[in-house]
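>>> return atomic coordinates for the entry below.
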Amino acid sequence: MGHGLLGALMLGLAACGDDSGECENWGEPVSTGTLASAEISEASGLVASRIHDDLFWTHNDAGDGARLFALDSSGAHEGTVDFSDEDAKDWEDIAAGVGADGNPWLYIGDIGDNDLSRDEIRVWRTAEPSDPKDDGIELDKLDLSYPDGPHDAETLLFDPRDNTLYVITKSDGDQAEVYAVDAHAEDDQELEHVASIDLVARGLADDAALTGGDISAAGDWILLRTQGQVFAWARAAGSTLAETLDLEPCLAPTPTQDNGESLAMDGDSYFTVGEGTGAPVWQASPP
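Sure thing, here's the model as predicted:
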């Protein structure tokens, strides 16, 4: 590693946390409202729109149909996009990035596998709807397989620096596994294992089960969460995701939630919504 990259990494870490390991970049989360739509009962994924101001996309966990809900930061319902012709086995997370056409796209991770019985998982891809009430949107599928057998996963990330999708497993052990694929690849791909995350072994968490995350639109922050904690990595220019995750994260302020799974970065802030009808929307912003 060059001295310039090492220095940038250390600078990022210094900006991220103090001696206690707590992040200095965000103040305590505040509730900005509650989910207005009673149809959002198990918000599992959350992502900020790349084309609409103050708009987020979310979806329910397993058991719901293939549909996305649009909401603003107060939780107000802005529309539903229904993909009723498609199958939703276990939608767990959603990411935003660019498509092969260079325009903003959404990537929906149908990656849950509690029984470890799926030979393939799936990422649904679609151009981000310009109208959050448009039901005429079509989904494109990307079927994926692991190189080492089935895993349960709840985290899908889009890296804007190289258009890579990352699937991160939800582990019952001490570490989670990170797998990668080109976001613009043709259907039917084998994921590549690129990293492991050992939060428990490093003494950073009591629970290694990662339930969601996001990469900032600029690619300079990587945030991952368990149900009770949010971890943040400051990412230097030229650093890969795997190199960054090998560094020590800081612990970001996290609200108390029922089954906290969702997390979305929007500018310098991050947002999260727990499960349950009428759940609060939480925002953590720079102090």
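>>> residue 151 reaches residue 169, doesn't it?
Yes: with contact taken as CB atoms under 8 Å, residue 151 and residue 169 are classed as touching, separated by 4.3 Å. For every residue, glycine as well, the C-beta is placed using N, CA and C.
>>> need the overlap of contacts for the two.
Contact criterion CB atoms under 8 Å, 6 or more residues apart in numbering; residues bridging residue 151 and residue 169 by contacting each: residue 177.
>>> higher neighbour count, those two?
Neighbours per residue (other CB atoms under 10 Å) separate residue 151 from residue 169, with residue 169 holding more: 25 against 20.
>>> isn't that one up against residue 152?
Yes: in this structure, residue 169 is within contact of residue 152 by CB under 8 Å, at 6.5 Å.
>>> between its first and last residues, how far does stretch 210-222 reach?
Stretch 210-222 stretches 13 Å from its first residue to its last (CA to CA, to the nearest Å).
>>> and if you look at stretch 32-46?
15 Å.
>>> how about stretch 176-194?
When the termini of stretch 176-194 are compared using CA to CA, they are 11 Å apart.
>>> how far out from the middle of the chain is that stretch?
In this view, stretch 176-194 has its centroid 15 Å away from the chain centroid, taken as CA atoms, centre = their mean, to the nearest Å.
>>> so how far is residue 54 from residue 183?
In this structure, residue 183 and residue 54 are 25 Å apart, going by CB to CB, to the nearest Å.
>>> show me which of the two is the more surrounded one.
Residue environment comparison for residue 183 versus residue 54 gives the larger neighbour count to residue 183, 23 against 13, counting by other CB under 10 Å.
>>> doesn't residue 167 make contact with that one?
No: checked against CB under 8 Å, the pair residue 183 and residue 167 is beyond contact range at 11.4 Å.
>>> for whichever strand or helix holds residue 222, what is the average pLDDT?
With elements taken from DSSP states H and E, the one containing residue 222 is strand 221-225. Per-residue pLDDT over strand 221-225 has a mean of 97.
>>> other SSEs contacting that strand?
Applying 3 or more CB pairs under 8 Å, 6 or more residues apart in numbering; DSSP states H and E, one finds that strand 221-225 makes contact with strand 212-215, strand 230-234, helix 241-245.
>>> could you say what helices and strands the last one packs with?
It stands for helix 241-245. Short answer (3+ CB pairs under 8 Å, 6+ apart): helix 241-245 packs on strand 176-182, strand 192-197, strand 221-225.
>>> got TSV for those strands, with mean neighbour count and distance to residue 59 too?
Compiled in TSV, the helices and strands packed on helix 241-245 are given as follows (neighbours: other CB atoms under 10 Å; distance: least, CB to CB, whole Å):
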stretch	mean neighbour count	distance to residue 59
strand 176-182	21	21
strand 192-197	17	24
strand 221-225	24	17
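>>> for residue 79, find the nearest of those.
Residue 79 lies closest, by CB to CB, to one member of the helices and strands packed on helix 241-245: strand 221-225, at 26.2 Å.
>>> what pairs with the closest one, parallel or antiparallel?
If you go by DSSP bridges, strand 221-225 pairs up with strand 212-215 (antiparallel), strand 230-234 (antiparallel).
>>> so of these, which one's packed in deepest?
Each of the strands paired with strand 221-225 was assessed for mean neighbour count using mean count of other CB atoms under 10 Å. The highest is strand 212-215, with a mean of 28.
>>> pull that one out as PDB, backbone CA atoms only.
The C-alpha coordinates for strand 212-215 follow below in PDB (Å, rounded to 0.1, in the frame of the first residue of the first chain):
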ATOM      1  CA  GLY A 212     -28.600  -4.100   6.200                       C
ATOM      2  CA  GLY A 213     -26.400  -1.300   5.000                       C
ATOM      3  CA  ASP A 214     -25.600   1.300   2.400                       C
ATOM      4  CA  ILE A 215     -22.700   2.900   0.500                       C
END
